[in-house]
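> what follows is a predicted structure for the sequence shown.
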Number of protein chains: 2
Amino acid sequence: MKRHQVTIIDIAKELNLSKSTVSRALTGHPSVNAVTRQAVLELAEKLDYQRNMLAISLITKKTNTIGIIVPEFYSSFFPNVIMGAQEVAGKAGYNTVICQCNESYETEVANTKVMLANQVDGILVSITKETRNFDHLKIFHRKGIPIVFFNRVCDEMDVPKVIVDDYDGAYRAVNYLLEKGRKRIAHLAGPSSLKISEKRLSGYKAALKRNNIELDEDLIISYDLSMDKVKIYVNHLLNLERPPDAIFAVNDPTAIEAIQVIKKRGLRVPEDIAVVGFSNDYASGLIEPSLTTVSQPVKEIGQTAAQLLIEQISRDVSDWKTIIRVLKTELIIRKSS
Amino acid sequence: MKRHQVTIIDIAKELNLSKSTVSRALTGHPSVNAVTRQAVLELAEKLDYQRNMLAISLITKKTNTIGIIVPEFYSSFFPNVIMGAQEVAGKAGYNTVICQCNESYETEVANTKVMLANQVDGILVSITKETRNFDHLKIFHRKGIPIVFFNRVCDEMDVPKVIVDDYDGAYRAVNYLLEKGRKRIAHLAGPSSLKISEKRLSGYKAALKRNNIELDEDLIISYDLSMDKVKIYVNHLLNLERPPDAIFAVNDPTAIEAIQVIKKRGLRVPEDIAVVGFSNDYASGLIEPSLTTVSQPVKEIGQTAAQLLIEQISRDVSDWKTIIRVLKTELIIRKSS
DNA sequence: TTCGTTATTGGGAACATTCCCGAAAATTGG
DNA sequence: CCAATTTTCGGGAATGTTCCCAATAACGAA
C-alpha cells in the first residue's frame, strides 16, 4: 500500500482550483476569497493535509531548524541548557537538532557536517575540550549561517556568545574560602584550551592576590576533565608535604569526585579540607556533605543563546552583532566549605 | 552578498556536461566514464559542493532522520538512552531530532507534529506520565512510519518495544529487603498510567506474597512523579501508627528525595528505614548513604531501540515485526539498605 | 562497409511548494 | 452604463535533485 501524500494539487483538483490559489489559501495570503479559503481549509482538514516542509524549505531556503552542539551529557548542565534553548526556539517556530560530541573533536566536526547537510538556519555550540581548530565552525560564518556560542566559547570568532562571569564566580568562591580561614587552596583546573578554565583560574589567582596569599604553583593542577584522573590528582595534592586545606574545582563533577576521594582516604570534608565546585549541578545538593558551588543560571543560558541566535537569523548578514552576553553567577554555600 | 549555493548544474556547466551525468558521477553510478567522474569529483571538491539533502529527500521521500521523544531530562536516564541511540543511528547514517516533553501530554502531541512535519523516517518514544491517549502516535503507524517504544511503552500499540524486566527487578529488590529482615516495606509507586509503574508494583506485591507478608495497602502510595510531592508522602508514611521500616521507590529521583526527607526528620538510613530505588542514576552513587537500586542497562536500551527502529525502517511496511526486547536489570547493593 | 552492441551521455519529468505576472471577474464611481 | 479599479484566480517558472528513456559515439564482427 503505497501511501500517496496529500498535496495541494489534490485539494486543487477536488475544488476545481489551481494549486496557486490553494497555496495562497493555506498560507493565509490576503488575496483570496473568504469562501474559497474556507473551502480549502475545510478540505485540507478533512484530507488531513500536511504541508511538505521539504519542498517549502527547498524554495524558501529556510528550514526553521536550529542545531545545538554540546560536548557531553554527563552532568545535568547541558541537558538543562538545551531545555532552555528548546523552549524559546520552539516558541519562535524553530525545531531543534541536537548533537552530543562525547568530548571528541572529530565527532564535533562530523556533527558540524550533519548540521550543514541538514541546512540548519543557525547553530548553538559549546565546544569539546579537544577543540583547538575552528575551521569547521568558521564555515558557518562564511556561508552566512548564524552561530552563537555558549559556555565553552571560541575566542577567535567574532560572533555572539553567552557566558557567565567565570572570573567573578571563581573569585568569589575562593575569596569565601579565604574568609573562612583557609590558607592553602588548591585549584583543580580545566584544560587551558577552554576559556572557562582560564577565566576561573585567573579568578582564583586574583582572589589569592587580593588576600595577599602567595601563589603556589604546586597547588594548581590543570587536567583534561576525564573523571578517572581526578583520583590521581587529588591524592597527589593530599600527599604533598604541605597539603591544601581547600580545593576549588573547575566544575561540579570534579568537585564531587574529589569529595569521594577525600572521604575514601578517611579525611573529613570540610573539617580537614573544604571543597567548592562550579555550576550547581543536580547532584551537588545531594552529595554528602552537600557541595558549596558557584551556581550558573543554566536554563537562562540556553534561553538567551537561542534568543540571540534567532535574532541573528532574522537579521541580515551584513549587520550581525557580536554581542557577548555575560550572565551572573551566585555562590551557593553548603556544607562542604 | 547573496550566496548562491553550488549545485550540480554549476558543475555541469563548467565541465560542459549535463546535470544527469554530474549526478551519476557524484552518486557513484557505474555507467559514467572514469575520467569524467574524476573531473566532476575534483571540481565538486574545489567548489566545496554540498548535496542539497532537501531536494534529495523530496524525491526519495527519505530524510535519513529519526526522531526521539522523551518525557524529561531531569535525571540522567534519558540523556544516556539518547547517547546510546545516537551512537547506532549515527553509524547507520541517520540524524537525530530530539524532543523533550517536560512530562506534558500536550507538548508530546506538539512534538509529534514536529516530527511529522519534519518527515522523520521513524521515531523512538517514551511517553509522558500524562499520556493516556495514543492517537497522535497511532498516526505514525497509519502513515507507515516505524515507531519503537522504550522504557515507558504504550500497551495498546503493536510495535517493537524495548524495556527492562521491571517486574523481576522490583521483585528482587523487595525480596532483598525482606531477606535483610525488613518487615514493613512501603512502595512509592508511579502513576498507574505507566506500565513500568504497574510492573514494578506487581513485582513488589509478588515478593511480599512469596515471603508470606500480608499486603498493607496503606503502605502503597501511587503518585504522579512530581518531586515536590515526595516530601508529603514520605512524611505521611513516617507518621503512620506502624510506620514502614523500608521504602521501595519507583525510581531513583524519588528514592533520593525520600532519603533527604527521612534524614531531615532525624531518622537514619538504613538503620531506621531502608531505601531502595530503581535505575541507578548518576546521582544515586553520590548521595549519602549511597542508594541501593535496580540498575538498568541504560545505554543498551538506547542502542537496541535505535537498532530495532532502523531495521523497521529498511523493512517493508507489510512485515513489521512487533518484537519486545526485554533487557536484564541488576540489583546494585549500596549503603541505603 | 555496415549492422549490432555496449559504453556514455543528454533530456526531461517528477518531487511539493512558492511566487511573480497577467487575466478574468467583480465592484465602484461618475 | 461604461471605464477604472480592485478583487480573485490561473499559469508557469523556479528550487536542486534523481531516475528513466533515448540518443550518440565507439567498437567489433561479419
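Received, thanks.
> helix, strand, or coil at A:Val294?
For A:Val294, the assignment made with DSSP: H, G, I helix; E, B strand; the rest coil gives strand.
> isn't it up against A:Ile333?
No - the pair A:Val294 and A:Ile333 fails to qualify as a contact (C-beta atoms under 8 Å) at a distance of 10.4 Å. Just so you know, the C-beta spots here come from the backbone N, C-alpha and C atoms, and that holds for glycine as well.
> mind checking which of those two has more residues around it?
A:Val294 (28 against 14; other C-beta atoms under 10 Å in any protein chain shown).
> just the CA trace of the helix or strand hosting A:Asp168, in PDB.
In this structure, A:Asp168 sits in helix A:166-179 according to DSSP states H and E. Extracted C-alpha coordinates of helix A:166-179, given in PDB (Å, rounded to 0.1, in the frame of the first residue of the first chain):
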ATOM      1  CA  ASP A 166      33.600  32.900  35.300                       C
ATOM      2  CA  TYR A 167      36.300  35.100  36.700                       C
ATOM      3  CA  ASP A 168      34.000  36.700  39.200                       C
ATOM      4  CA  GLY A 169      32.400  33.400  40.200                       C
ATOM      5  CA  ALA A 170      35.800  31.900  40.900                       C
ATOM      6  CA  TYR A 171      37.000  35.000  42.600                       C
ATOM      7  CA  ARG A 172      34.000  35.000  45.000                       C
ATOM      8  CA  ALA A 173      34.300  31.300  45.700                       C
ATOM      9  CA  VAL A 174      38.000  31.400  46.500                       C
ATOM     10  CA  ASN A 175      37.500  34.600  48.400                       C
ATOM     11  CA  TYR A 176      34.900  32.900  50.500                       C
ATOM     12  CA  LEU A 177      37.200  30.100  51.300                       C
ATOM     13  CA  LEU A 178      39.900  32.600  52.400                       C
ATOM     14  CA  GLU A 179      37.400  34.400  54.600                       C
END
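> could you point out the helix or strand that follows that helix?
Next element after helix A:166-179 (DSSP H and E): strand A:185-189.
> ok, residues contacting the helix holding A:Asp168?
Identification of contacts with helix A:166-179 by C-beta atoms under 8 Å, 6 or more residues apart in numbering or on different chains yields A:185, A:187, A:195-196, A:199-204, A:206-208, A:210-211, A:213, A:246, A:248, A:274, A:276, A:278, A:292-294, A:296, A:329, A:331, A:333, A:337.
> out of these, which sit inside helices?
The helices, defined by DSSP state H, take in A:Lys195, A:Ile196, A:Lys199, A:Arg200, A:Leu201, A:Ser202, A:Gly203, A:Tyr204, A:Ala206, A:Ala207, A:Leu208, A:Arg210 from these.
> tell me the contacts of the last one?
I take that to be A:Arg210. So A:Arg210 contacts A:Tyr171, A:Asn175 (C-beta under 8 Å, 6+ apart).
> now it: how far from chain B?
From A:Arg210 over to chain B the distance is 33 Å, taken as C-beta to the nearest C-beta, to the nearest Å.
> now do the third one
As defined by C-beta to the nearest C-beta, A:Lys199 lies at a distance of 26 Å from chain B.
> dump the residue contacts of that residue.
Shown in contact with A:Lys199 (C-beta under 8 Å, 6+ apart): A:Asp166, A:Tyr167, A:Ala170.
> can you pull the pLDDT of A:Ser318?
Residue-level confidence at A:Ser318 comes out at 65, pLDDT.
> any stretches of the stretch 51-200 of chain A with poor pLDDT?
Scanning the stretch 51-200 of chain A for pLDDT under 70 picks out no residues.
> show me which residues of it sit near DNA strand D.
Residues of the stretch 51-200 of chain A lying close to DNA strand D by C-beta under 7 Å from any atom of the strand are A:Ala55, A:Leu58, A:Ile59.
> ok, the closest residue to A:Val326 other than its chain neighbours - how many residues close by?
The spatially closest residue to A:Val326, leaving aside those adjacent along the chain, is A:Asp165, at 5.4 Å (C-beta to C-beta, 6 or more residues apart in numbering or on different chains). By other C-beta under 10 Å, 17 other residues sit near A:Asp165.
> where do the helices of chain A begin and end?
Using DSSP H, helices in chain A cover A:8-15, A:19-27, A:34-47, A:53-60, A:77-91, A:105-117, A:135-143, A:166-179, A:195-210, A:230-238, A:252-264, A:298-314.
> let me have those in a markdown table, extended by distance to A:Val125.
Formatted as a markdown table, the helices of chain A follow (distance: least, C-beta to C-beta, whole Å):
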| stretch | distance to A:Val125 |
| --- | --- |
| helix A:8-15 | 37 |
| helix A:19-27 | 33 |
| helix A:34-47 | 38 |
| helix A:53-60 | 22 |
| helix A:77-91 | 11 |
| helix A:105-117 | 8 |
| helix A:135-143 | 7 |
| helix A:166-179 | 18 |
| helix A:195-210 | 13 |
| helix A:230-238 | 26 |
| helix A:252-264 | 21 |
| helix A:298-314 | 9 |
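> okay, now stretch A:157-172: how far is its last residue from its first?
Criterion C-alpha to C-alpha, to the nearest Å; first-to-last residue distance in stretch A:157-172 is 29 Å.
> buried set for it?
Using 16 or more other C-beta atoms under 10 Å in any protein chain shown as the test for burial, stretch A:157-172 gives A:157, A:159-172.
> let me know the closest of the residues you listed to chain B.
When the buried residues of stretch A:157-172 are ranked by distance to chain B (C-beta to the nearest C-beta), A:Val159 comes first, at 17.2 Å.
> in contact with that closest one, which residues?
Contacts for A:Val159 (C-beta under 8 Å, 6+ apart) come out as A:His141, A:Pro146, A:Ile147, A:Val148, A:Phe149, A:Trp320, A:Thr322.
> what does the stretch 1-150 of chain A have sitting close to chain B?
Residues of the stretch 1-150 of chain A that fall close to chain B, judged by C-beta under 8 Å from any C-beta of the partner chain: A:1, A:3, A:50-55, A:57-58, A:61, A:63, A:65, A:73-76, A:79-80, A:82-83, A:86, A:90, A:95-100, A:102, A:110, A:114, A:116-119, A:143-144.
> one more pass at 6 Å, please.
With C-beta under 6 Å from any C-beta of the partner chain as the criterion, the stretch 1-150 of chain A meets chain B at residues A:3, A:53-55, A:57-58, A:73, A:79, A:83, A:95, A:97-98, A:114, A:117, A:144.
> got it, and the stretch 201-337 of chain A?
Counting by C-beta under 6 Å from any C-beta, the residues of the stretch 201-337 of chain A that sit close to chain B are A:Ile256, A:Ala283, A:Leu286, A:Ile287, A:Glu288.
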